[in-house]
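**Student:** Need a 3D model of the sequence below.
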Amino acid sequence: MNRLASATSPYLLQHADNPVEWWQWGADALAEAKRRDVPILLSVGYAACHWCHVMAHESFEDAETAAVMNAHFVNVKVDREERPDIDAVYMAATQAMTGQGGWPMTCFLTPDGEPFYCGTYFPTATFRRLLDGIAEAWQSQRNDLLDQANRVVSAIAGAGGPLQESVVDEATLEEAAGILLRDADPVNGGFGGAPKFPPSMILEFLLRHHERTGSEDALALADRTAEAMARGGLYDQLGGGFARYSVDAEWIVPHFEKMLYDNALLLRFYAHLWRRTGSATAWRVANGTAEFLAAELRTPEGGFASSLDADTEGVEGLTYVWTPAQLREVLGDDSAAELFGVTPEGTFEEGASTLRLFGDLPETTRVKLLEARAKRPQPGRDDKVIASWNGLAITALAEAGVALDRPQWIQWAVDAAELLLRVHVVDGRLRRSSRDGVVGASAGVLEDYACVADGFLALHQATAEARWLTEATRLLDLALTHFASPDVPGAYFDTADDAETLVQRPADPSDNASPAGASALAGALLTASALAGHESVAKYREAAEQALRRAGALAGRVPRFAGHWLSVAEALQAGPVQVAVVGSDAELLRAAARGVHGGGIVLAGEPDAPGVPLLADRPLVEGSAAAYVCRGYVCDRPVTTSEALTAQLLTALRSG
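**Tutor:** Alright, predicted model coming up:
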């Protein structure tokens, strides 16, 4: 066993018995490289990554390759999910040098951590030649390598400055929606060709844009994409939950890894789509995705694990694909083959097919096939708990639980939030990850503070408990203190001002697979401004608006990389609308949960509940429950019927 045996990351533990003398990232590894006067070989990946496994089997488990690595390098293995700051810095270098990125990421660094050669996956023969060539160049052409490292560091530093201020107003939102409508796949939904990723944050923006403006085109694109993804192989028709992406443009064959952040974001969107349209598909998928989170990713401590592997026993998709004969063996006839699009030729490999859905799925059929699939080998699970991803899951479960009237989902969100408070908050600050209830050493980054705060704000709404608002605003205040640029209003770094110093302090404003730290913070600040009371409105709202102004150019020109920014901007344009329901009336609460827009606020409880500002000074009406529709704590006349509340919400939203 090497030094990774003491790691908390399942990805690092996968390499603990490699013949490579791996180090974890840290001062000790850099000091060792200086002591030996050798370069650092940095390998970055994650547990569910298929090509990471391939390179590990081909190279890192090979004794001869390991001997070369050990002789000429200090070898450092990093879990990108545990250290997104390291991943961001060296991914920027990789993209600058090669024009592309991906995992596994392979970088060669000076003993000071400066990159001079970067790439991704290398086949064994190529990798061995590369190792020999760099070892030789370090001895004979070191000055050239050091000059290259200086140029790379300068290049990524120059490319990483804050964006110029540019407003995100109604015109920007209209322009962004127009670009997305123009660029969308008119047949299959989504954007681009193969591979095709689920555009969860873009779909949320399009839905919010429809809610505010009435745009039928925006709604049609969101609904078409949602339907296509839900009926394709990207969605697990038996067990629920979405795979990371589709390898084709038609959502037929997924890359089978299932990530917590994807499923949290998609659960939230499908729940919002259902409350706006009543779509049966959205209802089915929201329920299936929430149940998947609980059944497959929930940990004994109450949090949510990071991912399920793409591979099962080294074979991608082994757990999930079917042949006609396998369906017949379970069900006794051929009825399911047509329903699921399973053909003798297959849609995947060796005559097997992924399951798509071409009709209504009988529950008895789903259960029988799921029980049969459970007897197959199952994919590995990366069971570390990531703070930001759990924050996304808490938000999704809390909001979807209220919208679909699922109290159990809200309880799952509470359990995860309790774990974060109990384990991840150390000396008042947030840590990035934990495993088996033991916190890791990595400090929380901006997305952790923002997404966890947003999750706590969603729980405050779902439960009317004051402590969630208190904890959320404490995290937001820490984020404003430690992550804001001291020189550029509205700009944020992804690492804290007292975090480990890297060759660059990362600050990526773009939304990718999950919200950027800065966009997540803007959303949480806006929500906090509508919940934390009059004295906090200006502080949090101004900070949210300043952050949005730094994203204007991104949102207007490349909206596919600004989905969450655009969603936040839509909520800002709409108010956001606040709905306070005082007293006990299930119909009023149901109307509020169903009628509010994405980004809007719904909170129900007793009048003047301690620590719940939105319920302050909002009395019952003639002893009966009432709903107050407000903006900035300024409210319309209270209503006491669900019909009146629904009409008032529609008027409030469209007049935003």
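**Student:** Residue 245 reaches residue 254, doesn't it?
**Tutor:** Yes. In this structure, residue 245 is within contact of residue 254 by CB atoms under 8 Å, at 6.8 Å. (Glycine included, C-beta is placed from N, CA and C.)
**Student:** Between these two, which is the more surrounded one?
**Tutor:** In terms of neighbours (other CB atoms under 10 Å), residue 254 is the more surrounded of residue 245 and residue 254; the figures are 28 against 20.
**Student:** Now for the more buried one: which residues touch it?
**Tutor:** Residues near residue 254 by CB atoms under 8 Å, 6 or more residues apart in numbering: 233-234, 243-247, 317, 354.
**Student:** just curious, which of these is nearest to residue 473?
**Tutor:** Nearest to residue 473 among the contacts of residue 254 is residue 244, at 33.7 Å by CB to CB.
**Student:** what ranges do the strands span in the stretch 201-350 of the chain?
**Tutor:** Along the stretch 201-350 of the chain, the stretches classed as strands by DSSP state E, counting those that start in this stretch are 245-246, 254-255, 258-259, 307-308, 311-312, 315-316.
**Student:** Would you give the sheet partners of the second one, along with the direction of each?
**Tutor:** Using DSSP bridges, the strands paired with strand 254-255 in its sheet are strand 245-246 (antiparallel).
**Student:** tell me the least confident of the contacts of residue 254?
**Tutor:** Among the contacts of residue 254, residue 317 carries the weakest pLDDT, at 91.
**Student:** Just give the closest residue to it, not the sequence neighbours.
**Tutor:** Spatial nearest neighbour of residue 317, excluding adjacent residues (CB to CB, 6 or more residues apart in numbering): residue 256 at 4.8 Å.
**Student:** That neighbour contacts residue 307, correct?
**Tutor:** No. If you go by CB under 8 Å, residue 256 and residue 307 don't touch, sitting 10.8 Å apart.
**Student:** follow-up on the earlier one: common neighbours of residue 245 and residue 254, please.
**Tutor:** Taking CB under 8 Å, 6+ apart as the criterion, residue 245 and residue 254 both touch residue 234.
**Student:** OK, contacts around residue 605?
**Tutor:** Contacts of residue 605 were listed using CB under 8 Å, 6+ apart, and they are 464, 581-582, 612, 615.
**Student:** From residue 593, how far out is it?
**Tutor:** Residue 605 sits 14 Å away from residue 593, taking CB to CB, to the nearest Å as the criterion.
**Student:** for residue 446, same thing?
**Tutor:** 30 Å.
**Student:** out of these two, which sits in the more crowded spot?
**Tutor:** A count of neighbours by other CB under 10 Å puts residue 446 above the other of residue 446 and residue 593, at 27 against 23.
**Student:** Grab the nearest non-local neighbour of the more buried one.
**Tutor:** residue 517 (3.1 Å).
**Student:** The one you found contacts residue 494, correct?
**Tutor:** Yes. The criterion here is CB under 8 Å, and residue 517 meets it with residue 494 at 5.0 Å.
**Student:** More neighbours: which of those two?
**Tutor:** Neighbours per residue, other CB under 10 Å: of residue 517 and residue 494, the larger number sits with residue 517, 27 against 22.
**Student:** so what's that one up against?
**Tutor:** Contacts of residue 517 (CB under 8 Å, 6+ apart): 445-447, 449-450, 483, 492, 494, 508.
**Student:** could you redo the last one with a cut-off of 6 Å?
**Tutor:** Counting by CB atoms under 6 Å, 6 or more residues apart in numbering, residue 517 touches 446-447, 450, 494.
**Student:** Please flag which of these sit within helices.
**Tutor:** Counting by DSSP state H, the part of the contacts of residue 517 found in helices is 446-447, 450.
**Student:** Now render those as JSON lines, adding distance to residue 24.
**Tutor:** As requested, the ones in helices among the contacts of residue 517 are exported to JSON lines (distance: CB to CB, whole Å):
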{"residue": "446", "distance to residue 24": "23"}
{"residue": "447", "distance to residue 24": "22"}
{"residue": "450", "distance to residue 24": "26"}
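**Student:** What is the nearest of these to residue 405?
**Tutor:** Distance to residue 405, by CB to CB, is smallest for residue 450 among these, at 28.1 Å.
**Student:** Give me the neighbour count for that closest one.
**Tutor:** When neighbours are counted by other CB under 10 Å, residue 450 registers 29.
**Student:** so it touches residue 523, yeah?
**Tutor:** No. At 7.5 Å, residue 450 and residue 523 do not qualify as touching, with contact defined as CB atoms under 6 Å.
**Student:** can you redo the contacts of residue 254 as CSV with distance to residue 405?
**Tutor:** As requested, the contacts of residue 254 are arranged in CSV below (distance: CB to CB, whole Å):
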residue, distance to residue 405
233, 30
234, 27
243, 28
244, 30
245, 32
246, 32
247, 37
317, 35
354, 32
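**Student:** which sections of the stretch 1-150 of the chain are below the confidence cut-off?
**Tutor:** Along the stretch 1-150 of the chain, no part satisfies pLDDT under 70.
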